[in-house]
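Peer 1: what's the 3D shape of this:
(2 chains)
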Amino acid sequence: MTKLKGLKCRECGRRYPSSPVHICEFCFGPVEVDYDYEALKGTITRQSIAAGPPSIWRYRELLPIEGDVAVGHHVGFTPLIRSQNLAEELGVRELWIKNDSVCHPTWSFKDRVVAVAVTRAKEFGFDTVACASTGNLANSVAAHAAEARLKSYIFIPADLEQGKIVATLVYQPTLVAVEGTYDEVNRLCSEVSDKYRWAFVNINIRPYYSEGSKTYGYEILEQLGWRAPGHIVVPCAGGSLITKIWKAIREFASLGLIERPATKMYAAQAAGCGPIVTMVKNDTDVLTPVRPNTIAKSLAIGNPADGYYAYRVVKDSGGYGEHATDEEIVEGMLLLARTEGIFTETAGGVTVAVTKKLIETGVIPRDESIVICITGNGLKTPDVLYERLETHVTIRPLLSAFDRALAELKSQARS
Amino acid sequence: MPVLVRIPTPLRAVTKGAGEVQAKGDSVADLIEDLERQYPGLRERLVEEGGEVRRFINIYVNEEDIRFLQGKKTSLKEGDQVSIVPAIAGG
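Peer 2: Predicted coordinates for the structure are as follows:
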């Protein structure tokens, strides 16, 4: 079945054949995969999806690949957790955590987009994949390229967290550390991609790559029992994930898989890099780029390509956005760990902190269903916690030493 | 004063395939006019009818996004390099 009709410009509607292009050559708008939804109607059912594998590939009819799945067979279908403790702490009735900090194989939602992108890159016949990354994408592209036996070139800002560098290098890609911000890395990669015939997953493969993010949304809907929640809080960097979760909701609704949704979408960003939330707060569709200065490096994109669309999703859905300071981000990480036993990276700290603010200020009502998006793993960014956490006691291996230490700890706790 | 302008792939149909071209102008706005004289049709690819740079295009003078400088009024001097770069997804 040919479900793909080709590519279509989101801005001016010009059509292009399926190929590795990402922007409209007339208006520079992003091009998107165009599906034959009429043909898909009726063939995709709740039963057909539920009969699929426990991975993103249960939704493959809504993903832009044509042949067999090449890599990442076990990506996705991560837990959607009904929160008790955090819900109680925040004073809300129904709170769910979509936990991609345990996404296979590289512990972030980026595995979803990369599994699709690398499969598509192989279909196009590329022998080399590449990306510009703030870290999570680097890990995932390097891992999937290894699985696919493709060469890979990974471009990152030189000041990235050590954990993310090691978790990229282990797969033996060619890692290029660029002295500059992510936005500068991106700009360099745009020029590199014009010169070398590589599959840059977030440049020339972007229309296919970005569709992988829809699976994060599909899973929320399916795991909630084929319904859309009232509110979804999404961390924003380039702004793509929030637009693709929104697209997932609309696709499921138009295919008759869920009832008419009334979900409000909320953008979560760091105060030190929050141009999308600033658009929302100032109610303007013109993005003003910023120079990032935040510990949430995976969200440190000062010139987000999908910023305009992320803003539109927030506005069209009736949602809002909020910034989190570095201190609030760390508090958010600790809060999620303390209440739910989930260790997320700084981006997750942003999401938790922003959710807390939106609830406390009454923007998100306490008696409706809320989903928060946890998209990455805390073991990749432990650096920000070193100063906040310490070993409670260090003792010699003697019971008497432990007794003394315990008495000391209890007296400290009382004082 | 000639400056080097890097042309991204989607615009090379207008520049007869050239990835780098020379153009003149005291400011980015002037430069765009000179590019239009040399390569008719290029202007409307870069700016909207109201004159604003299109939403999905970034223009850099040397290493700096002109939105951090003076926008289209950003001045140019001999030897500057101007890059026209489409917006790119996050990572």
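
Peer 1: Just the buried residues of stretch A:73-92, please?
Peer 2: A:75-81, A:83, A:86-87, A:90, A:92 (16 or more other CB atoms under 10 Å in any protein chain shown). Heads up, the C-betas are built off the backbone N, CA and C, glycines and all.

Peer 1: with these in mind, which one is nearest to residue A:334?
Peer 2: residue A:86 (11.8 Å; CB to CB).

Peer 1: Next secondary structure after the helix or strand encompassing the closest one?
Peer 2: Residue A:86 is part of helix A:85-90 when elements are defined by DSSP states H and E. Per DSSP H and E, the first helix or strand lying C-terminal to helix A:85-90 is strand A:94-99.

Peer 1: Can you list the strands that that following strand pairs with?
Peer 2: Strand A:94-99 has the following strand partners under DSSP bridges: strand A:80-83 (antiparallel), strand A:369-374 (parallel).

Peer 1: Check which helices and strands the longest helix anywhere in chain B is in contact with.
Peer 2: Longest helix of chain B, by residue count under DSSP state H: helix B:28-38. Contacts defined by 3 or more CB pairs under 8 Å, 6 or more residues apart in numbering or on different chains; DSSP states H and E place helix B:28-38 against strand B:2-6, strand B:20-24, helix B:42-46.

Peer 1: try it again with 7 Å
Peer 2: If you count contacts as 3 or more CB pairs under 7 Å, 6 or more residues apart in numbering or on different chains; DSSP states H and E, helix B:28-38 packs onto strand B:20-24, helix B:42-46.

Peer 1: tell me the angle that helix makes with strand B:2-6.
Peer 2: For helix B:28-38 against strand B:2-6, the angle by axes from the mean of the first three to the mean of the last three CA atoms, to 10 degrees is 80 degrees.

Peer 1: Helix B:28-38: which residues count as buried?
Peer 2: For helix B:28-38, using 16+ other CB under 10 Å, the buried residues are B:28-32, B:34-36.

Peer 1: Pull the number of nearby residues for residue B:50.
Peer 2: For residue B:50, the neighbour count with other CB atoms under 10 Å in any protein chain shown is 5.

Peer 1: For the helix holding residue A:86, list the C-alpha coordinates in PDB.
Peer 2: The C-alpha coordinates for helix A:85-90 follow below in PDB (Å, rounded to 0.1, in the frame of the first residue of the first chain):
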ATOM      1  CA  ASN A  85       2.800  10.900  45.200                       C
ATOM      2  CA  LEU A  86       3.600  13.800  42.900                       C
ATOM      3  CA  ALA A  87      -0.100  14.300  42.200                       C
ATOM      4  CA  GLU A  88      -0.700  14.600  45.900                       C
ATOM      5  CA  GLU A  89       2.200  17.000  46.300                       C
ATOM      6  CA  LEU A  90       0.900  19.200  43.600                       C
END
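
Peer 1: Contacts for that helix next, please.
Peer 2: Helix A:85-90 is contacted from outside by A:95, A:336, A:339-340, A:356, A:359, using CB atoms under 7 Å, 6 or more residues apart in numbering or on different chains.

Peer 1: How about the secondary structure of whichever residue of chain A sits closest to chain B?
Peer 2: Among the residues of chain A, residue A:238 lies closest to chain B, at 1.9 Å counting by CB to the nearest CB. The three-state label given to residue A:238 by DSSP: H, G, I helix; E, B strand; the rest coil is coil.

Peer 1: what's the answer for residue A:129, then?
Peer 2: Going by three-state DSSP: residue A:129 is strand.

Peer 1: mind listing what residue 7 touches?
Peer 2: Unless you meant another one, I'm taking chain A. Taking CB under 7 Å, 6+ apart as the test, what residue A:7 contacts is A:15-16, A:18, A:21, A:31-34, A:207.

Peer 1: that's the wrong chain, I meant chain B
Peer 2: Residue B:7 neighbours (CB under 7 Å, 6+ apart): B:15, B:18-21, B:84.

Peer 1: Mind doing that once more with 6 Å?
Peer 2: Residues in contact with residue B:7 (CB atoms under 6 Å, 6 or more residues apart in numbering or on different chains) are B:15, B:19.

Peer 1: Turn the contacts of helix A:85-90 into a markdown table, columns for pLDDT and neighbour count.
Peer 2: Listed next are the contacts of helix A:85-90 as a markdown table, based on pLDDT from 0 to 100; neighbours: other CB atoms under 10 Å in any protein chain shown:
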| residue | pLDDT | neighbour count |
| --- | --- | --- |
| A:95 | 98 | 26 |
| A:336 | 98 | 28 |
| A:339 | 98 | 17 |
| A:340 | 98 | 21 |
| A:356 | 98 | 23 |
| A:359 | 98 | 19 |
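
Peer 1: which ones among the residues you listed are found in strands?
Peer 2: Among the contacts of helix A:85-90, DSSP state E puts residue A:95 in strands.

Peer 1: Mind telling me the two of the contacts of helix A:85-90 farthest from one another?
Peer 2: Longest span within these, CB to CB: A:340 and A:359, 15.8 Å.

Peer 1: Poorly predicted segments of the chain, please.
Peer 2: As the question left the chain open, I've gone with chain A. Applying pLDDT under 70 to chain A picks out residues A:1-2.

Peer 1: that's the wrong chain, I wanted chain B
Peer 2: B:89-91.

Peer 1: what do you get if the cut-off is 90, keeping everything else the same?
Peer 2: B:1-2, B:8-11, B:13, B:48-52, B:54-56, B:63, B:85-91 (pLDDT under 90).

Peer 1: returning to what we had before: which of the contacts of residue A:7 has the most neighbours?
Peer 2: Ranking the contacts of residue A:7 using other CB under 10 Å puts residue A:207 first, with 26 neighbours.

Peer 1: Is chain B within reach of the helix or strand where it lies?
Peer 2: Using DSSP H and E, residue A:207 maps to helix A:206-209. Yes. For a cut-off given as CB under 6 Å from any CB of the partner chain, helix A:206-209 has contacts with chain B, namely residue A:206.

Peer 1: about what we covered before: ok, which of the strands paired with strand A:94-99 comes nearest residue A:26?
Peer 2: That would be, of those and by CB to CB, strand A:369-374, which comes in at 34.2 Å.

Peer 1: Backbone dihedrals for the closest residue to residue A:58 other than its chain neighbours, please?
Peer 2: Spatial nearest neighbour of residue A:58, chain neighbours left out: residue A:52 (3.0 Å); criterion: CB to CB, 6 or more residues apart in numbering or on different chains. Main-chain torsions, residue A:52, degrees, to the nearest 10: phi -80, psi 180.

Peer 1: correct me, but residue A:52 touches residue A:59?
Peer 2: No. The pair residue A:52 / residue A:59 is not scored as a contact, 7.5 Å apart, by CB atoms under 6 Å.
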